[in-house]
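J.: Kindly generate the corresponding structure for this input.
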Amino acid sequence: MPAQGDIELARMTTTFSSFDLNLLRVFDAIMEERSVLRASQRVFLSQSAVSHSLARLRELLDDELFVRTTTGMQPTARAVAMAPLVRDALKSLEAAIDSPKFEPASASKRFTVAANDFTTMVIAPHLLRILNAEAPSIDLAIKPVTRIDLGEQLDLGRIDLAIGTFSELPDRFRAQALFEHDDVLIASSVLRLGRLTLEALSRLSIVVVSFGGDQEGAINGFLSERGLARRSEMYDRAAFEAAFAESSRPPRIAVTLPHFLALPAFLEGATHVAIVPRPLAESFARSSSIKVHELPYPTTKLTVSALWHERHEQDASQNWLHDVIHRAAEDLRHGKKVSSAPARGLRS
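T.: Down below sits the predicted model:
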């Protein structure tokens, strides 16, 4: 009489040997789109065919997998646990079947990059020129890095690469430095500030940018998610506070914004100034009536890096993307001025 363990192993073997791998494509599409309709369009099947495949998966795995809600198809705990494994399995199968070569000049592919508006503004013009010259059929989707769980999105494969400043990197991620920057002050050119002193700065109303640096769990301006710590407070608060630690009249942080691109509008009335990364300040100064001023205290130089999941290490197309992003930041690494030309063709 066979043991219970042998019976279970035989049942598992039979289940996998008869498993339709196309069901995993459907699962992955629903996980990505959170909609049966959009998933059907993604895998080029009818909506009823996708619904039938989902029903088969539910029966095979004895789990609902996705629950219909007012905000879309929400995954169960089983589906969330399966998702990165399924995505990796599909990518491995694609790599085994597809040609390992990647020809950017003729390839049609869409990459998804997570970045804030600062890094997008200073890198995008060079990046777009490279793509237009070398890979005219490659598309980019830029996702706002500030509104997502970055670690989860990289784990699930919904993002190919992220750009930002990180203080902790789990072993499953890889990073490449793009450029360094410190902070400067920008103001309307109408303001005659001259050389700033701490006393002069203390009389100004200051605007800063924070992507949730004051949220619960944020430490020293960094948010940690799934072991990945990314910078969310976009000015050197520690240097700012240290400079005025003994002052009886520290400057007033009058406005905190969730993004950079609205800053010029806040400076038009010549009543406020802003602390921003140097490359962005130089870009603003070329396209707006804004002047760049050195701060009267030193700020820490921070490194902006490209970040990706380790599973992309053997993917020729992903390696090409990493190289392109690195080349797009070359002028920033060498302290050259970057163009502020609009980044047409990048889709958000």
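J.: Next up, the contacts around the residue nearest the centre of the chain.
T.: The centroid of the chain falls nearest to residue 114 when counting by Cα atoms, centre = their mean (2.2 Å). Neighbouring residues of residue 114 by Cβ atoms under 8 Å, 6 or more residues apart in numbering: 142, 143, 144, 145, 148, 150, 153, 159, 161, 162, 163, 164. Quick note: C-beta positions are derived from backbone N, CA and C, even for glycine.
J.: In contact with the fourth one, which residues?
T.: For residue 145, the set of contacting residues under the criterion of Cβ under 8 Å, 6+ apart consists of 114, 115, 116, 162, 163, 164, 211, 230.
J.: Tabulate these in JSON lines, adding columns for distance to residue 131 and pLDDT.
T.: Conversion of those to JSON lines gives the following (distance: Cβ to Cβ, whole Å; pLDDT from 0 to 100):
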{"residue": "114", "distance to residue 131": "18", "pLDDT": "94"}
{"residue": "115", "distance to residue 131": "15", "pLDDT": "94"}
{"residue": "116", "distance to residue 131": "20", "pLDDT": "93"}
{"residue": "162", "distance to residue 131": "18", "pLDDT": "95"}
{"residue": "163", "distance to residue 131": "15", "pLDDT": "96"}
{"residue": "164", "distance to residue 131": "21", "pLDDT": "94"}
{"residue": "211", "distance to residue 131": "26", "pLDDT": "82"}
{"residue": "230", "distance to residue 131": "25", "pLDDT": "84"}
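J.: got a markdown table for these, with distance to residue 23 too?
T.: Below are those laid out as a markdown table (distance: Cβ to Cβ, whole Å):
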| residue | distance to residue 23 |
| --- | --- |
| 114 | 29 |
| 115 | 34 |
| 116 | 37 |
| 162 | 30 |
| 163 | 35 |
| 164 | 36 |
| 211 | 38 |
| 230 | 35 |
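J.: What is the three-state secondary structure of the residue nearest to the centre of the chain?
T.: When classified by DSSP: H, G, I helix; E, B strand; the rest coil, residue 114 comes out as strand.
J.: Name the residues of the single longest helix found in the chain that are buried.
T.: Criterion DSSP state H: the longest helix present in the chain is helix 77-97. Within helix 77-97, the residues that count as buried by 16 or more other Cβ atoms under 10 Å are 79, 82, 83, 84, 86, 87, 90, 91.
J.: In this structure the second one contacts residue 27, no?
T.: It stands for residue 82. Yes: using Cβ atoms under 8 Å as the test, residue 82 is close enough to residue 27 to be in contact (7.3 Å).
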